[in-house]
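> Take a look and give me a structure for this.
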Amino acid sequence: MSSPLRVLIHGGGIGGLTLATALARRGHQVDVAELRDELDALGVGIIQPSNALHVMREIGVLEECLAAGFEWEVLTICDPAGATLAKIPQPRMADAPSNNGIPRPALAKVLGRAAAEAGAKIRFGTTITELADDGEGVDVTLSDGSSGRWDLVVGFDGIGSPLRKRLYGDRFEPEYTGFANWRVTVPRDPEVRGVVMSAGNLNAKALLTPITDDTMYLGTVFAEAEDFRPDPERAHEQLAERLTSFAGPVAAALTHVTDPAAVVYSRISQVTVEDAWHVGRVVLAGDAAHASTPHLAQGAAMAVEDALVLAESLDAAPDVAGALAAWEARRRPRAMWVQSLSRAILKQETGTATTPEEDELLKVGIPGAAHFLVRPY
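Residues are numbered from 1 along each chain as shown. Predicted coordinates:
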C-alpha cells in the first residue's frame with residue numbers, strides 16, 4: 001500500500017500487540033482499544049513454538065522473550081508413573097529457537113513495550129460501542145466517549161469476541177469441547193528442561209512446562225461438566241484429586257500446590273467462523289476467528305502469524321480489500337488445519353470417537369505437525 005493507514009485494533013492481547021508493533025514499525029498510525037486497565041495478562045505460562053518465535057524475531061522482540069522465559073528443545077513423553085517413554089527433538093523455523101516457555105504477564109510486558117516504542121497508542125479501559133463502515137473507512141465510537149475514523153478495524157478480541165458478535169450475531173459462538181484446563185505455577189524441577197508430558201490413561205494428561213529458570217507450570221486436561229467451576233476454597237485439592245493416578249515429576253510438582261487461588265481453570269472451547277473473516281473493512285483474527293484446543297500449543301502462534309501476515313499483506317496489496325482477501329487466502333488453510341488436528345488429538349487422547357477425516361489427520365501426529373508448522377506461513 002502506497003500510503004500509511006489508520007488502523008484500530010480491538011484487543012491488546014498477544015495477537016493485537018504483535019499486529020500493532022508490525023504495523024507501527026511500517027509507518028501506519030495504530031490505535032489499540034484494550035478493555036483492561038493494564039497489560040496484566042491472565043493465566044500462568046505459555047509455550048512459544050518456533051514459528052511463533054520466528055514472528056517475535058520479525059517484530060524485534062525475540063531476545064527479550066528468551067531473556068524473560070526458558071528456551072527448550074526436547075519434548076519428553078512419560079507414562080503416568082513418570083517413566084520416560086520417548087524424547088522427541090523439536091524442529092526449528094529458519095534461525096528461530098525450537099521453543100520458549102514464558103510467563104504470560106512477562107510476554108504481555110514485552111509486547112506492550114514494543115508496540116508503544118514503535119508508536120502505537122494503547123487506549124486502556126476502552127472498547128467499541130458504535131461502528132459504521134461506509135466502504136471508504138470505518139467510523140467508530142469508543143466507550144470512553146471518543147470517536148474517530150479508521151481505514152481498517154481488526155478484532156483481536158479473543159474467543160468471546162464482541163466484534164465477532166457485532167458482525168455475525170450468534171452464528172459463530174464458542175463451542176465447549178467437554179474438557180477443561182487446570183494450570184498452576186510451581187518451582188521448576190532442575191530435571192525439567194523442556195515440556196514433560198505424562199499420558200497413558202483416558203482420564204487426563206499432565207504436562208510440566210518450564211517458563212523461567214526458577215518456575216514451571218503444571219497443567220492438565222480433564223473432562224468437566226460445562227457448568228462446573230472449581231471451589232475457590234479447595235481448587236488445589238480438586239486438582240490433586242484429578243491427578244491421583246500420576247506419580248513421578250507430576251506428583252512431586254503437586255506437593256507445591258497449596259494455595260487454591262493459584263490454580264487457573266479454563267474451559268476448552270473452539271470457534272470457527274465459517275464465513276469470510278472480514279466484512280468490509282472490519283476483520284477478525286486469532287481466537288476471534290479460529291480458536292483451537294491447546295493440544296498443539298499453537299493458539300497464540302496462529303494469532304501472531306495472523307498479525308505478521310496481515311501486515312505483510314497490507315504492504316503488498318494496492319488496497320485494503322485486496323489485502324484482506326490475500327491475507328485470508330494465506331491464513332485460513334493453515335489455521336483450520338491446526339484447529340482440526342488439535343481437536344482430533346483431544347478426541348484421541350480421551351477415547352472420544354473420531355471421524356474418518358480426523359483419523360486421516362491423526363496419521364500426521366504431533367511430531368509431524370511440529371515439522372509442518374516450521375514451514376513458511
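> For stretch 10-17, give me every contacting residue.
Contacts of stretch 10-17 from elsewhere in the structure, counted by CB atoms under 8 Å, 6 or more residues apart in numbering, are 9, 20, 32-36, 39, 41, 46, 107-108, 111-112, 114-115, 122, 124, 127-128, 153-158, 161-163, 285-288, 300, 303-304, 306-307. All C-beta atoms are positioned from the backbone trio N, CA, C, and that covers glycine.
> In helices, which of these fall?
In this view, the contacts of stretch 10-17 that belong to helices under DSSP state H are 20, 107-108, 111-112, 114-115, 162-163, 287-288, 300, 303-304, 306-307.
> so which of those would you say is closest to residue 353?
When these are ranked by distance to residue 353 (CB to CB), residue 287 comes first, at 26.2 Å.
> which of the contacts of stretch 10-17 are buried?
Buried subset of these (neighbour count, 16 or more other CB atoms under 10 Å): 9, 20, 32-35, 39, 41, 46, 107-108, 111-112, 114-115, 122, 127-128, 153-158, 161-163, 285-288, 300, 303-304, 306-307.
> hmm, back to that, identify the farthest-apart pair in the ones in helices among the contacts of stretch 10-17.
Spatially, the most separated pair among these is 114 and 162, at 25.3 Å (CB to CB).
> can you give me the strands in the stretch 1-150 of the chain?
Secondary structure of the stretch 1-150 of the chain (DSSP state E, counting those that start in this stretch): strands at 6-10, 29-34, 45-49, 70-72, 74-78, 84-89, 99-103, 121-124, 128-133, 138-142, 147-150.
> center of this protein, which residue is that?
Centrality entry for the chain: nearest residue to the mean C-alpha point is residue 300, 2.3 Å, by CA atoms, centre = their mean.
> so who does that residue touch?
For residue 300, the contacting residues are 14, 15, 46, 48, 52, by CB under 8 Å, 6+ apart.
> pLDDT and distance to residue 268 added to those, as JSON lines?
What follows is the contacts of residue 300, written out as JSON lines (pLDDT from 0 to 100; distance: CB to CB, whole Å):
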{"residue": "14", "pLDDT": "97", "distance to residue 268": "18"}
{"residue": "15", "pLDDT": "98", "distance to residue 268": "19"}
{"residue": "46", "pLDDT": "96", "distance to residue 268": "15"}
{"residue": "48", "pLDDT": "98", "distance to residue 268": "20"}
{"residue": "52", "pLDDT": "98", "distance to residue 268": "20"}
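> can you pick the most crowded of those?
Most neighbours among those, by other CB atoms under 10 Å: residue 15, with 32 neighbours.
> picking that back up, and the contacts of residue 300, which is closest to residue 258?
The shortest separation between residue 258 and any of the contacts of residue 300 is 23.7 Å, and it belongs to residue 46 (by CB to CB).
> On the strand side of things, show who the closest one bridges to.
Note on residue 46: beta-bridge partners residue 102, judged by DSSP bridges.
> That one and residue 290, how far apart?
Counting by CB to CB, to the nearest Å, the separation of residue 46 from residue 290 is 18 Å.
> same thing with residue 7?
21 Å.
> Check which helices and strands the longest strand anywhere in the chain is in contact with.
When secondary structure is assigned using DSSP state E, the longest strand within the chain turns out to be strand 175-187. Identification of packing neighbours for strand 175-187 by 3 or more CB pairs under 8 Å, 6 or more residues apart in numbering; DSSP states H and E yields strand 215-223, helix 235-242, strand 264-270, helix 320-350.
> Compare those and give me the one nearest residue 134.
helix 320-350 (12.9 Å).
> Which positions in that closest one come out as buried?
Residues of helix 320-350 classed as buried under the neighbour-count rule (16+ other CB under 10 Å) are 320, 323-324, 326-328, 330-331, 334-335, 337-350.
> Remind me what that helix packs against, helices and strands.
Taking 3+ CB pairs under 8 Å, 6+ apart as contact, the helices and strands that helix 320-350 lies on are strand 175-187, strand 215-223, strand 264-270, helix 287-290, helix 299-316, helix 356-362, helix 365-372.
> and the residue nearest to residue 296 when sequence neighbours are not counted, what is it in contact with?
Among residues not flanking residue 296 along the chain, residue 342 sits closest, at 4.7 Å (CB to CB, 6 or more residues apart in numbering). Residues touching residue 342, when contacts are defined by CB under 8 Å, 6+ apart, comprise 292, 293, 294, 295, 296, 298.
> Any figure for the gap between residue 342 and residue 4?
Residue 342 sits at a distance of 37 Å from residue 4 (criterion: CB to CB).
> Can you list the low-confidence ranges for the stretch 251-377 of the chain?
Regions of the stretch 251-377 of the chain meeting the criterion pLDDT under 70 are absent.
> related to what we said a few turns ago, distance to residue 233, neighbour count and secondary structure for the contacts of residue 342 - can I get that in JSON lines?
As requested, the contacts of residue 342 are exported to JSON lines (distance: CB to CB, whole Å; neighbours: other CB atoms under 10 Å; DSSP: H, G, I helix; E, B strand; the rest coil):
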{"residue": "292", "distance to residue 233": "32", "neighbour count": "26", "secondary structure": "coil"}
{"residue": "293", "distance to residue 233": "29", "neighbour count": "23", "secondary structure": "coil"}
{"residue": "294", "distance to residue 233": "27", "neighbour count": "21", "secondary structure": "helix"}
{"residue": "295", "distance to residue 233": "31", "neighbour count": "23", "secondary structure": "helix"}
{"residue": "296", "distance to residue 233": "34", "neighbour count": "22", "secondary structure": "helix"}
{"residue": "298", "distance to residue 233": "35", "neighbour count": "26", "secondary structure": "coil"}
